[in-house]
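> could you look at this predicted model? Sequence included:
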Amino acid sequence: MVDNSPNEKTLLIEPSYSSDTGIISLDGETTSTMDGSSGSSPPLLVWIGPALVCAFAYALYNIFVKKSSDSIHPILGGVVLQFVAALFGSLLLLVIVVKEGMDDVHYDRSGILWSVLAGLAVGAAEMLSFLVMGMGAQAMQVIPVVIGGSVMFGTILGWCWLHEVLSMQGWIGVLGITVGIGLVASDPGST
């Protein structure tokens, strides 16, 4: 995709996979870009490893929130978490800019807007995580409800808002996750 409008940086798609840009091409045919604007999903082996590492990072995030939630106000916890995340991200961006230059950091107004909205959503989610964990609910119950609920809501929003599609197999999987959320959330645990 090449866009020469004055408010956007140029992003060229080349027939290869680049973990830096998220551009994937098989046999010269582009199948996915960072903005998800063309083609179908990349092959499972391309994305499953980073996705599992991301899932592990979310698991650590939730355990760390649970460990801290009894000792910090939910909003202060969310602010500290976001500050550390912003500092970490800023350092990574600085490394990229120093190593490759600002020309390799593509963005446009739409990307900035959606990033701001994502920040608002994750900020609310973080503070609510501190709040719920601070209520004394077990992490073993809260984490599956939050993460599984995110899968459920994300799938529905992806279908309604982004016009993405799943086969019957995928919808059965989402239903299984939803049933699993209900079973985990309603488990009284041992006393």
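Received, thanks. All of these numbers come straight from a predicted model, not from anything done at the bench. Residues are numbered from 1 along each chain as shown.

> secondary structure class for the spatially most central residue of the chain?
The centre of the chain sits closest to Cys54, judged by Cα atoms, centre = their mean, with a distance of 8.1 Å. Recorded secondary structure, Cys54: helix (DSSP: H, G, I helix; E, B strand; the rest coil).

> again with Val174
Assignment for Val174 (three-state DSSP): helix.

> could you check how far it is from Val46?
Val174 is 22 Å from Val46, where distance means Cβ to Cβ, to the nearest Å. No exception for glycine: its C-beta is placed from N, CA and C like everyone else's.

> show the backbone phi and psi for Trp161.
With angles defined as degrees, to the nearest 10, Trp161 sits at phi -90, psi -40.

> what number of residues lie near it?
8 (other Cβ atoms under 10 Å).

> now Val174: closest residue in space that isn't a chain neighbour?
Of all residues not flanking Val174 in the chain, Thr155 sits nearest, at 4.9 Å (Cβ to Cβ, 6 or more residues apart in numbering).

> quick one, what contacts that neighbour?
166, 170, 174 (Cβ atoms under 8 Å, 6 or more residues apart in numbering).

> narrow these to those that are buried.
Neighbour-count burial (16 or more other Cβ atoms under 10 Å) is assigned, among these, to Val174.

> closest one of the contacts of Thr155 to Ala124?
Val174 (23.0 Å; Cβ to Cβ).

> returning to that earlier point: return the distance of the residue nearest to the centre of the chain relative to Val179.
From Cys54 over to Val179 (counting by Cβ to Cβ), the distance is 24 Å.
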